[in-house]
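J.: Predicted model follows, preceded by the sequence.
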Amino acid sequence: MSMIERIVRWRHGTFVAFALIALFGTLALFNLPLELQPGAIAPKSASIPST
C-alpha cells in the first residue's frame, strides 16, 4: 500500500496528526525565547527628495 493510499484511507488519523503538528508548532513559536527567534530588520521607507 502506498503512502498516498494510506493517507486517503485513514483520513481522521491524518487530520489528527496534522492538528497535533500545528498545535505543537504554535506552542513552540510562542514559547521560544526572543534570543532564539529569527531576527528580521524592518525595512525603512526611503524618502526621495523632490527637485
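T.: Noted; the coordinates are in hand.

J.: and the residue nearest to residue 1 when sequence neighbours are not counted, how many neighbours?
T.: Excluding the flanking residues, the one nearest residue 1 by C-beta to C-beta, 6 or more residues apart in numbering is residue 9, at 7.8 Å. Yep, even glycine has a C-beta here, placed from its N, CA and C like the rest. Using other C-beta atoms under 10 Å, residue 9 has 10 neighbouring residues.

J.: Residue 33 too?
T.: Quick note: residue 33 (other C-beta under 10 Å) scores 6 neighbours.

J.: Point out where the protein drops to low pLDDT.
T.: In the predicted model, the chain carries pLDDT under 70 at residues 34-40, 42-43, 46-51.

J.: cutoff 80 now
T.: Counting by pLDDT under 80, the chain contains low-confidence ranges at 1, 32-51.

J.: So which residue is dead centre in it?
T.: residue 25 (6.8 Å; C-alpha atoms, centre = their mean).

J.: Can you tell me how far it is from residue 19?
T.: 11 Å (C-beta to C-beta, to the nearest Å).

J.: So which residues of the protein form helices?
T.: 3-9, 11-31 (DSSP state H).

J.: From the chain's centroid, how far away is the first one?
T.: For helix 3-9, the separation from the chain centroid amounts to 24 Å (computed by C-alpha atoms, centre = their mean, to the nearest Å).

J.: Next: stretch 18-26.
T.: 9 Å.

J.: Just the C-alphas of that stretch, formatted as PDB.
T.: Coordinates of each C-alpha in stretch 18-26 appear next as PDB, following Å, rounded to 0.1, in the frame of the first residue of the first chain:
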ATOM      1  CA  PHE A  18      -1.800  17.500  11.200                       C
ATOM      2  CA  ALA A  19      -3.700  19.100  14.100                       C
ATOM      3  CA  LEU A  20      -1.000  17.900  16.600                       C
ATOM      4  CA  ILE A  21       1.800  19.200  14.400                       C
ATOM      5  CA  ALA A  22       0.100  22.500  14.100                       C
ATOM      6  CA  LEU A  23      -0.600  22.700  17.800                       C
ATOM      7  CA  PHE A  24       3.000  21.900  18.800                       C
ATOM      8  CA  GLY A  25       4.300  24.300  16.200                       C
ATOM      9  CA  THR A  26       2.100  27.100  17.600                       C
END
